[in-house]
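Peer 1: sequence unknown, structure follows:
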């Protein structure tokens, strides 16, 4: 027994979280507390499950006991139906968190004469609510009552009264009803439940079921009005996480390696963390291998990765990648890598998306590779595929996950699916046929926020993974494969010849320099001897002059020449 | 001795009253408190029984207000609800029983009287 707690005295509209993934996001926190919400939809759209999800979440996560009134099935049947979805209603009933009241009304059983009222319903509800202190109530489905009684006016008025009573009881209620072609419910019940109306839809496209949910009305509260895909699975009722609606992602400037060093250099250092990469190309161009490189590099850095395969099985991919030297099995075995394969036709687009959301929640990857998104075009319409891929990338981007998606698209100009504009980086792999062989080229078509290389590279799949090589642009176009190899050989021989020529010239020049130097030495010798001779001559001249003076001095002494005489001559 | 199932069918006309001629009728009327509808239903029922089943009927009035859980247990969504417990099979009827003719026919007290359909 849980004692009833006091109502929150907040000025803002108090809301009761539904506990249904995604729904609380659309409604900005849940259903209007203490009021009734109408859930409409045709048979099989999941109305009951939404109601039960609401009750189970209330009981399990918010300590709010609940009461289910079902007019369609017995209590045992309800319990059995949802056991496979992880709802243990028996345990909740044992714990006093849930009471199921079943009125399996069969139309044939009831005959009416005159007026009646639904007094017993409120009595039973009042008793049950009081017994466990219930805060949540689900009535499923009021349509049965309209079917069981002929006096529709009375049923309508009585239900209106019941909803008023529920409100007075301050329980948050979900009332389910059938949708009509041109109104929300067949019997105009939305007039009485005017605070919040949620419509469920279940459409078939080529035999593939797609479920959608829309908050048609939410008085006094902002809410998303779009239709959102939802899923009914072993996890119960899940509306697609709607973070996809906003575009406010944080932008990281951290670069991470693609696992192909040469490609990292082409992208000025790698991919931005949290960005999205589209790899498009014809079959067999190596798209999956690029994805495997990205994963391998991530796991080697101790980051978790998720690989979603739309075309192959995990074993096939692991085997194929081993042939190019990438061992994905080691990462899969340690849990660093989770591989999930699904044939696209096995589920609706919405299902794919929701499963992806769950995988991401479970694996918590920093890198995700979606291999073969083109396969999704087996699905309904192109527009839906684009919207789906947009949601997938938004979902991943909003969680900061670096994503690589591969697709079979070959044309670069119009990308068929219109997906490329959603991507930050676009790598194109193309087959080039020449000289009787097919070779692969890699182009970086775009890379936001990156001064990427404009050059084409030849994309080689070797025994140790992807390698990129320069291509040669010749008169006949780009040369790849053997043409490139022979071109490389030709260039090598040209180079050799050129080097030899230079050597020859060098030798010649060296010889001439040596010769010149020798001549120079001879000349220098001659010069030196001539200079020496010149000095000798000058020396002799000086000596002769000195001798002549001495002779003159000796003669004048002998002649006793007087000084004046000597002065005149001087 | 198979009791007729369809009161509106032509073959029931003579059989129905005769089949139950010796039975004592056990009737149960579910009400919530003494609301006008419930009071009216009881009055209508008593009047019809006194006239058509003199000395061969027993009416049990169950007030769900006193025991709400009986509503779920006995599958009573609306009140007043009349349940014919005996003779079997059980039949139920919802409403204040103002339409006496319906009451007589559907509870198989006597066959339908539809002269305009005869011939």
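Peer 2: Yes, it's here. This one's a predicted model, so the numbers in the text were calculated from it and none came from an experiment.
Peer 1: was I right about residue A:353 contacting residue A:391?
Peer 2: Yes: Residue A:353 is within contact range of residue A:391, at 5.6 Å (criterion: CB atoms under 8 Å). Bear in mind the C-beta positions are built from the backbone N, C-alpha and C, glycine included.
Peer 1: more neighbours, these two?
Peer 2: The neighbour count for residue A:353 versus residue A:391, taken as other CB atoms under 10 Å in any protein chain shown, is higher for residue A:391 (26 against 23).
Peer 1: In a helix, the more buried one, correct?
Peer 2: Yes: assessed by DSSP: H, G, I helix; E, B strand; the rest coil, residue A:391 belongs to a helix.
Peer 1: Quickly note the distance from it to residue A:188.
Peer 2: Going from residue A:391 to residue A:188 by CB to CB, to the nearest Å gives 35 Å.
Peer 1: Ok, residue A:287 next?
Peer 2: As judged by CB to CB, residue A:287 and residue A:188 stand 55 Å apart.
Peer 1: So for the two, which sits in the more crowded spot?
Peer 2: Neighbour totals were compared for residue A:287 and residue A:188, and residue A:287 leads with 24 against 13 (other CB under 10 Å).
Peer 1: and residue A:465, what is it in contact with?
Peer 2: Contact analysis of residue A:465 by CB atoms under 8 Å, 6 or more residues apart in numbering or on different chains lists A:259-260, A:289, A:293, A:324-326.
Peer 1: got it, and residue A:516?
Peer 2: With contacts taken as CB under 8 Å, 6+ apart, residue A:516 has no neighbouring residues.
Peer 1: And it, how close does it get to residue A:509?
Peer 2: Distance of residue A:516 to residue A:509, given as CB to CB: 10 Å.
Peer 1: buried ones in the host helix or strand of residue B:48?
Peer 2: Assigned by DSSP states H and E, residue B:48 belongs to helix B:36-52. Residues B:37-38, B:40-42, B:44-45, B:48-49, B:52 are the ones in helix B:36-52 that count as buried (16 or more other CB atoms under 10 Å in any protein chain shown).
Peer 1: What is the nearest of those residues to chain A?
Peer 2: Chain A lies nearest to residue B:37 out of these, by CB to the nearest CB, at 5.2 Å.
Peer 1: Might one say that that closest one is in contact with residue A:115?
Peer 2: Yes: counting by CB under 8 Å, residue B:37 touches residue A:115, with 5.2 Å between them.
Peer 1: Would you tell me which residues of chain B are close to chain A?
Peer 2: Residues of chain B lying near chain A by CB under 8 Å from any CB of the partner chain: B:30, B:32, B:35, B:37, B:40-41, B:64-65, B:68-69, B:71-72, B:75-81, B:91-99, B:102-103, B:106.
Peer 1: Swap in 7 Å and give it another go.
Peer 2: Neighbours of chain A within chain B, by CB under 7 Å from any CB of the partner chain: B:32, B:37, B:64-65, B:68-69, B:71-72, B:75-80, B:92-99, B:102-103, B:106.
Peer 1: residue ranges with poor pLDDT in chain A?
Peer 2: Within chain A, the ranges that satisfy pLDDT under 70 run A:1-12, A:106-109, A:204-209, A:233-236, A:240-250, A:343-351, A:374-387, A:409-420, A:474-478, A:561-570.
Peer 1: Tell me which residue is most central in it.
Peer 2: Residue closest to the mean C-alpha point of chain A, counted by CA atoms, centre = their mean, is residue A:403 at 3.1 Å.
Peer 1: For my notes, confirm that residue occurs in a strand.
Peer 2: Yes: the assignment for residue A:403 by three-state DSSP puts it in a strand.
Peer 1: Provide a list of residues in contact with it.
Peer 2: Contact analysis of residue A:403 by CB atoms under 7 Å, 6 or more residues apart in numbering or on different chains lists A:276-277, A:368, A:370, A:393, A:396-397.
Peer 1: Tabulate those residues (a markdown table), appending neighbour count.
Peer 2: Listed next are the contacts of residue A:403 as a markdown table, based on neighbours: other CB atoms under 10 Å in any protein chain shown:
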| residue | neighbour count |
| --- | --- |
| A:276 | 26 |
| A:277 | 23 |
| A:368 | 30 |
| A:370 | 25 |
| A:393 | 24 |
| A:396 | 24 |
| A:397 | 21 |
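Peer 1: Just give me the neighbour total for residue 78.
Peer 2: In the absence of a named chain, chain A is used. By the criterion of other CB under 10 Å, residue A:78 has 20 neighbours.
Peer 1: looking at chain B here, not the other one
Peer 2: Residues lying near residue B:78 (other CB under 10 Å) number 29.
Peer 1: Now do the SS call for residue B:97.
Peer 2: Of the three states, residue B:97 takes coil under three-state DSSP.
Peer 1: Can you give me the distance of the nearest residue to it once chain neighbours are set aside to residue B:36?
Peer 2: Take residue B:97 and drop its neighbours on the chain: the residue closest to it by CB to CB, 6 or more residues apart in numbering or on different chains is residue B:44, 3.9 Å away. Using CB to CB, one gets 12 Å for the distance from residue B:44 to residue B:36.
Peer 1: Check residue A:493 too.
Peer 2: Residue A:493 is 114 Å from residue B:36, where distance means CB to CB.
Peer 1: ok so, going back, only the buried members of the contacts of residue A:465: can you turn that into a PyMOL selection?
Peer 2: What follows is the PyMOL syntax for the buried subset of the contacts of residue A:465, where burial is set by 16+ other CB under 10 Å:
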select buried, chain A and resi 259+260+289+293+324+326
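Peer 1: The contacts of residue A:465 in helices, which ones?
Peer 2: A:289, A:293 (DSSP state H).
Peer 1: Adding distance to chain B, write the contacts of residue A:465 out as JSON lines.
Peer 2: Converted to JSON lines, those look like this (distance: CB to the nearest CB, whole Å):
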{"residue": "A:259", "distance to chain B": "64"}
{"residue": "A:260", "distance to chain B": "68"}
{"residue": "A:289", "distance to chain B": "64"}
{"residue": "A:293", "distance to chain B": "64"}
{"residue": "A:324", "distance to chain B": "67"}
{"residue": "A:325", "distance to chain B": "69"}
{"residue": "A:326", "distance to chain B": "63"}
